[in-house]
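K.L.:
Sequence first, predicted coordinates after that:
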Amino acid sequence: METRVESAVEKKNKGYNCAQAVACNYCDLVGIDEETMFRLTEALGVGMGNMEGTCGAIAGACIVLGLKNSTGNLEQPNSKGATGKLARKVMEQFKERNSSVTCKELKGVGTGVMLRSCPDCVRDASEFLEKLLEE
């Protein structure tokens, strides 16, 4: 797969939130149209809970992984464990690179020390997502 990392950053710079920038960039791989994905991820930017929660870029990556990996078996949900492991990989890689997965900490709220900018968070989450999608 040709990398789409920089096109995710372009979406962020266009005004998409971090979750939208990542998730909307891979719609064609998971069979969902961009407008629907945009709407689904709208509340996940700014660290879910207005910077208090997980970075939106990671949330967007996890949504793509869920759509790609889930069996969609409503009677016997049987892919949660495997999908959760993929999400954990993204979070671990992101935390290893940036020291946190929490928006507030990444932006330096309370410390005055920014660990990572939003475009770079989008860049990192997209990079890690693409590696998992290629496996």
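P.N.:
Thanks, I have it.
K.L.:
can you point me to the longest helix in this protein?
P.N.:
Longest helix of the chain, by residue count under DSSP state H: helix 80-98.
K.L.:
And the next helix or strand past it?
P.N.:
helix 103-107 (DSSP states H and E).
K.L.:
starting at the chain centroid, how far to whatever helix or strand comes next after that next one?
P.N.:
Later in the chain than helix 103-107, the nearest helix or strand by DSSP H and E is helix 118-134. On the basis of C-alpha atoms, centre = their mean, to the nearest Å, helix 118-134 sits 7 Å off its chain's mean C-alpha point.
K.L.:
cool, and stretch 52-69?
P.N.:
4 Å.
K.L.:
Then stretch 18-38?
P.N.:
Counting by C-alpha atoms, centre = their mean, stretch 18-38 comes out at 10 Å from the chain centroid.
K.L.:
now what about that stretch, what contacts it?
P.N.:
Outside of stretch 18-38, the residues within contact range by C-beta atoms under 8 Å, 6 or more residues apart in numbering are 4, 7-9, 11-12, 16, 40-42, 44-46, 55-57, 59-61, 63-64, 67-68, 118, 121-122, 125-126, 129, 133. For the C-beta atoms, the positions are set from N, CA and C on the backbone; glycine is no exception.
K.L.:
re the thing from before, show me what counts as buried in the longest helix of the chain.
P.N.:
83, 86-87, 89-91, 93-94, 98 (16 or more other C-beta atoms under 10 Å).
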